[in-house]
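Participant: this one's sequence-less:
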């Protein structure tokens, strides 16, 4: 995740403004001294958000310093210290809730991702996220998925194209639709087609798709279908497409991940790390007042 | 929720920009025709986000029309139609994911809230949210809690003051800290003190707190403590404080909600509706092309 | 006032952009040297804006340093030095007018407030502001009122609710209107009802109002009415309301402040500190060039 | 004033957001019906802000309609109806305070301006404003000055250049400073020099100034000085400067306006219309509910 | 180009604000009537910007109507009418310069692109743009390239990755660098490597690059190199890479386009359509006043 | 150009966001080390953009340091080093393209301006720009024109007024139109009238114009017309106008610049430096890794 972009700074500002509003009413109680505090986990999990939290506090006051004891992507135990903070007490309190909220949310996603990824261990098949992300948080939630061991699917409607059920339902034929997107898209754009039947998948390969999303097909069907699709693809060729095809399965129940991994898919995409995760509980504890530098 | 504020419009714009980025690459496939579609629930729950979704689509194109079949706060069954949409196909597709994401997320919160609220039925005790909300989404998540039957606690650091563990850990004495906040805050501000022991709670009432948050105390302790605190309060008086006190319990395990409700608390606050909820699954299905008006 | 929020920084930027526009045309005359200057009052008053002005100059150039000789809320005499500045000459000139404008305006408000507050000395009754504030400047104008010894009423439409003449004129009955607001508002929200007759005030107390604004009633009426309202309130009880009521008078002529204070009101609200104040005259005088550090 | 610029729309939005914040808490009481209301003056004055107020309400809801009974710049009496409004009741209430605040403030400025301008009647000398304007409101306050019969001086640091006391105090010599600004400024830029003595004024004319601001010089001095400066100017010539000079007086006590007008100045500039004005009292009164269209 | 995104609306607003500033000073001369006008080309070329210009005027006033006589991407002759406009005269004048500026600039790019593309006619090789675009205008300039018959390369640093001379100069070895990008990028990301020698190109293919940019190599070298690279690629395989490779040439002199096209490259990228184009001259001519509707 | 305004910082941010989008995908390859690089010109020209580029990189990371070897406005040869940079490698790469794009574009304008200005050498007549500037870049492009030796015309519609062909075509008579603008404009506003015939020019002088733009009239016509217009002007007088008039020629073919300069015009305005310029080619070359400080 790129922490230095102007866009990220504006995003952090909107979070702080949301909570602080017209000003922290308790600020008066905390004027004029600095303090030291730490974060401690109240359950185990995979951490995500440390570097982001540092930037967040520094948007309020550049003098805040954070020492990360656990890096993003690392596991931690219950009661483990995650980081220490030092800075003006009023700033630490004003930013506390927002900072914890994002780190607890992202660590929840990283932890949930890691759980699913562990089931794919040894299969060589990866777990990818989807565009089912909380509005406003896509860039950080997708980062959390990577912290948990997953990979990212496309970031938005503009960095890869996917012709989904709804595009196809409204188009006269898949091939024409595909070509109109191919022609107007930048050349590096991968175009993926979502298929809900083997016939659609075949049609998609023939149209020239770079990737096929096989949605809610059984492992049995996939075992037979996937080699067939790869064969079909190997006889295609345009410079923007490829003789190969990337095959992704979706609509997979978490308990079946291993079974799907064995069908020959390249990866499995799932919104569960984001839509089914709970926040990891983390507390901020103040240690001591210190003198203003 | 106030759907007509400039601030909400900007929030909707940031969500759309996040997904659409430099432009929907599939737009070329959907030029020049209008379409009709509907949303259908894939599991049961409590709906939240209908009116918001209408505003969202209209930020892309004012001609989009939505007919809500289920109102915010109403329950729906699996496979129930929630709303119908009509508008330019390219707009419906460009806004689809963002619209579903927010409605699925908020309906998840409303549904989770309703589950907890149902356990308090008949007790007269309400369930309130907290400031543990997803950064950027507080206003809509708090609305979702209301749709699920809960009530809202303060919206930010500026509409009510709470002296929490960390304020008190750093202050020399609770009373001085309390008075400094009282003096600088607008007169309608309620000041709440978080207490982790009966002694702290007593001290808080004496200091003049409008509300006491009793955190992680057992029902047994509360049974005895609460009447005592109310007695103490009845002998206080300043115009900005009160002879009464609002008593809230937190840190309550969902299965104990009923037991806590019987202790005499005014309400129970919980972050669970937001931090522990999962998204409700909803799909958008296209019905037919229609002529451009 | 919270000087470190992102929102305040953006506000300062809009002020600077407003004056500087596409660039200060005289900048060329002041390149490449630093200077020292001071502010001097041209009439006596109560100062407000010092810390804000420091932040303002630093938005243009972080190297500007300000030494406050008079703190916000302190009185000063005519010809008294208020602060000294040091920094790049071009920055001091570019920010001069905007900085003086806000400090002269706010000091005018603080001074006017102090004049009114002095009339309430010894009564225990406070002077509160209203929502009649200059668009865009509420947060700083309300701070100026505090600098002058007043207290703040609600900050906006969202941190306390007031049912005013216009709400009541359009509602079928006061009680229903009140309850609909009570139900949807966050629990810490105080709800105030504006009453223009003793009957309305009585109805308001019965409905459950936390505060009553008695508008343009005579001191004679208030003397009798206020104890009656307090009695009525003491027999009420819901956890979000109170057995007590906060009573505020408005529409009070400045010369009658003392007389109203003696009626038993909790405080008197007035827009005069903002709507009737004049700017305090302050000049910026350059002292000397200094070497660039 | 240009009411259709994107910049003005954003300005109106910041005003509305400031008051409405996270949402009007009384909105629930006013859902689902439309209403009609009017504004009535509670004192006489010169109106300013009608067209602006219409745009303001329409930022909240495009269906609001306003019928202006008094145009900007027209005088009104106490108790005169100024405008009528029709629209959703919740919108009229949410925008009421902000709309009245700006119109009361601007009408105060227009009224104060008209008072001063009336003293110059028949002299052919005009009254101009200055850059002493409330931060954030320059464009609307300068419009109010025009509504009161005054003229505008420069709008900011970038549409005309003025070498003031502070520039000259820090420059080695006036002529060099003047030429450096002349060279870098766009050709249509008028460059004005502030003079506090006749000698400075003379030097300024020789340097090539397009305008001279004679600050705090007595009428007696001006009577002799002004013809001399015009003579001096008539012997100059560069294409960007002129053989003529515009002469402005400032630091003029309102009671001496007429006396200064007779000295031969082209106009008199004064910050008093803005820094010394009080708000004009205006009320919004609801008339009736109407059916939603 | 996606004309309905919030981001595009904000971009149009910044353009209008830039020119209009604090308000069009000539607006007073054009109040209260509507007018009709048209655009006429003063030289031949390929048109670009019509639909954009319509949105631009409508940001100022929604009642402006534009009738496009030439579509984006179509050729026009000198003196040909391009479009007609109807709306408030003050709006047409306020938006005129900005509208013409963008259309003249974009039509210049479309025209220059078409000139280069015509040299590739019949070769099957396409012309792609680069990231050398005018800051702030990438999305519209890339659209202009498509209007001229070119294709788009990546839109930014985030929708495809290119390891360029500078990345490689600082990395220890190309393969490690490539893999670190592959691992962190979303799966649909194509990764391209810039090669300045045949050896680098070979190394790039082996590392797994999806595309090779061959910079400033002669046609003679390419003739031999390209088949070799394709052979190498056909023996690779990972699901995110491909057995095929897209080969692009850059640093090509316009007169050599045809010669390079014959070397077997997939396309040729060039910044010339943007960096070497001149604006196409277009005038706006007023036709008649019309009544305000 | 004013590099410290909040507005400029926001402009730089929009440029960076445009290229970086959701994050530089190659960032992973460049983590954790600093580097040194330089810019080298690949053709000769006049430099513009050095100071701007420093600010640009510092928006990404404040630790970036730039040492300018060629100042803005200075000429450079092919292969000359222009500046050196030092900072985090990931930042240098992320900002490289945007920084080069703006400097190459602006240097192209400065170079083209210098070419035209050189033809006016010794004539005392200056070359001015116009409002034909690339949307979003006016302030920096006009700065580039000054770097090339030109002067700036008005910056927008709000710092000087020009009645152009279209205003006059729609107005009933020139004099009335002129006076309506004069009355509403700030007093320092220069009002210019565009004339396409000698008769219009005469009418414009009589109306009181401060400047006359003589568009597409031949040098022969100008020779006779200009002295006549100056005579006419010398008999006028109002304080906001002048007895003198500034005369500008436009529509001048570059090869005729000298011939027009001899006609007695004050300056010649031309959009060619911006609309006809090509980018100057500049490369960024990495020199070495350095340790993180």
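Facilitator: Sure, I can see it. Note that the structure is a prediction, hence the values are computed from the model and not measured.
Participant: give the other helices and strands that the lowest-mean-pLDDT helix or strand in chain A contacts.
Facilitator: The helix or strand of chain A with the poorest confidence is helix A:165-170; it has a mean of 86 (mean pLDDT, DSSP states H and E). Applying 3 or more C-beta pairs under 8 Å, 6 or more residues apart in numbering or on different chains; DSSP states H and E, we find helix A:165-170 packed against helix A:174-184, strand A:191-195, helix B:89-119, strand B:282-290. No exception for glycine: its C-beta is placed from N, CA and C like everyone else's.
Participant: check contacts around residue A:43.
Facilitator: The contact partners of residue A:43, taken as C-beta atoms under 8 Å, 6 or more residues apart in numbering or on different chains, are A:78, A:280-281.
Participant: can you confirm it is in a strand?
Facilitator: No. Using DSSP: H, G, I helix; E, B strand; the rest coil, the assignment for residue A:43 is coil, not a strand.
Participant: find the nearest non-adjacent residue to residue A:117, please.
Facilitator: The shortest distance from residue A:117 to any non-neighbouring residue, by C-beta to C-beta, 6 or more residues apart in numbering or on different chains, is to residue A:149 (3.9 Å).
Participant: quick one: contacts for residue A:191?
Facilitator: Residue A:191 touches A:160-163, A:178, A:181-182, A:185, A:208-211, B:25, counting by C-beta under 8 Å, 6+ apart.
Participant: chain E: which of those residues is nearest?
Facilitator: The closest of the contacts of residue A:191 to chain E turns out to be residue A:160 (C-beta to the nearest C-beta; 3.7 Å).
Participant: that older thread, in PyMOL, select just the buried ones from the contacts of residue A:43.
Facilitator: Entered in PyMOL, the line below selects the buried ones among the contacts of residue A:43, by 16 or more other C-beta atoms under 10 Å in any protein chain shown:
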select buried, chain A and resi 280+281
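Participant: can you put the contacts of residue A:43 in CSV and add pLDDT and distance to residue E:97?
Facilitator: Converted to CSV, the contacts of residue A:43 look like this (pLDDT from 0 to 100; distance: C-beta to C-beta, whole Å):
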residue, pLDDT, distance to residue E:97
A:78, 98, 65
A:280, 98, 56
A:281, 98, 58
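Participant: so what's residue A:31 closest to, chain neighbours aside?
Facilitator: residue A:90 (6.3 Å).
Participant: again but with residue A:264, I slipped
Facilitator: The shortest distance from residue A:264 to any non-neighbouring residue, by C-beta to C-beta, 6+ apart, is to residue A:226 (4.2 Å).
Participant: and the one you found, how many neighbours?
Facilitator: By the criterion of other C-beta atoms under 10 Å in any protein chain shown, residue A:226 has 21 neighbours.
Participant: now do the contacts for the closest residue to chain D within the stretch 1-150 of chain A.
Facilitator: Chain D sits closest to residue A:21 of the stretch 1-150 of chain A, with a gap of 7.0 Å, by C-beta to the nearest C-beta. By C-beta under 8 Å, 6+ apart, residue A:21 lies in contact with B:155-159, D:21-22.
Participant: try residue A:155
Facilitator: So residue A:155 contacts A:138-139, A:142, B:21, E:158, E:186, F:22 (C-beta under 8 Å, 6+ apart).
Participant: how is chain A carved up into domains?
Facilitator: A:6-117+A:278-291, A:160-270 (automatic domain parsing).
Participant: and the ones you listed, which one's lowest on average pLDDT?
Facilitator: Ranked by mean pLDDT, those bottom out at domain A:160-270, with a mean of 92.
Participant: which residues of chain A lie near chain E?
Facilitator: Contact residues (C-beta under 8 Å from any C-beta of the partner chain) of chain A with chain E: A:126, A:128, A:142, A:146, A:151-155, A:158-160, A:184-190, A:192, A:210-211, A:237, A:239-240, A:242-244, A:246-247, A:266-267.
Participant: for PyMOL, what selects the buried ones among these?
Facilitator: To isolate the buried members of the residues of chain A next to chain E in PyMOL, using 16+ other C-beta under 10 Å:
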select buried, chain A and resi 126+128+142+146+151+152+153+154+155+158+159+160+184+185+186+187+188+189+190+192+210+211+239+240+242+244+246+247+266+267
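Participant: among the residues of chain A next to chain E, which ones are in strands?
Facilitator: A:126, A:128, A:192, A:211, A:246-247, A:267 (DSSP state E).
Participant: now for these: which two are most distant?
Facilitator: A:126 and A:192 (15.6 Å; C-beta to C-beta).
Participant: what packs against the helix or strand harbouring residue A:13?
Facilitator: Taking DSSP states H and E as the criterion, residue A:13 maps to helix A:6-20. The helices and strands touching helix A:6-20, judged by 3+ C-beta pairs under 8 Å, 6+ apart, are helix A:50-60, helix A:89-119, helix B:138-147, helix C:6-20, helix F:6-20.
Participant: residue A:53 and residue A:66 touch, don't they?
Facilitator: Yes. When contacts are counted by C-beta atoms under 8 Å, residue A:53 is listed as touching residue A:66 (6.7 Å).
Participant: which residues of the stretch 1-150 of chain A lie near chain F?
Facilitator: A:1-2, A:4-7, A:139.
Participant: need the residues of the stretch 1-150 of chain A near chain C, please.
Facilitator: So far as C-beta under 8 Å from any C-beta goes, the stretch 1-150 of chain A lies against chain C at A:12-14, A:16-17, A:20, A:22-24, A:27, A:59-61, A:91, A:94.
Participant: residue contacts, residue A:232?
Facilitator: Neighbours of residue A:232 in contact, by C-beta under 8 Å, 6+ apart: A:202, A:205-206.
Participant: rewinding a little: of the domains of chain A, give the one that comes closest to residue D:46.
Facilitator: domain A:6-117+A:278-291 (33.6 Å).
Participant: who's in contact with the residue nearest the centre of chain A?
Facilitator: With distances taken as C-alpha atoms, centre = their mean, the residue of chain A nearest its centroid is residue A:142 (1.7 Å). Contacts for residue A:142 (C-beta under 8 Å, 6+ apart) come out as A:129, A:133, A:152, A:155, E:186.
Participant: give me phi/psi at residue A:84?
Facilitator: The phi and psi values for residue A:84, taken as degrees, to the nearest 10, are phi -120, psi 150.
Participant: ok, it - contacts?
Facilitator: Residue A:84 neighbours (C-beta under 8 Å, 6+ apart): A:36-39, A:66-67, A:69, A:287.
Participant: how far does stretch A:218-225 sit from its chain's centre?
Facilitator: 28 Å (C-alpha atoms, centre = their mean, to the nearest Å).
Participant: ugh, wrong one, I meant stretch A:52-68
Facilitator: Computed by C-alpha atoms, centre = their mean, the chain-centroid distance of stretch A:52-68 equals 23 Å.
Participant: now it: buried residues?
Facilitator: For stretch A:52-68, using 16+ other C-beta under 10 Å, the buried residues are A:52-54, A:56-60, A:64, A:66, A:68.
Participant: that stretch close to chain B?
Facilitator: No. Stretch A:52-68 does not reach chain B (C-beta under 8 Å from any C-beta); its nearest approach is 9.0 Å.
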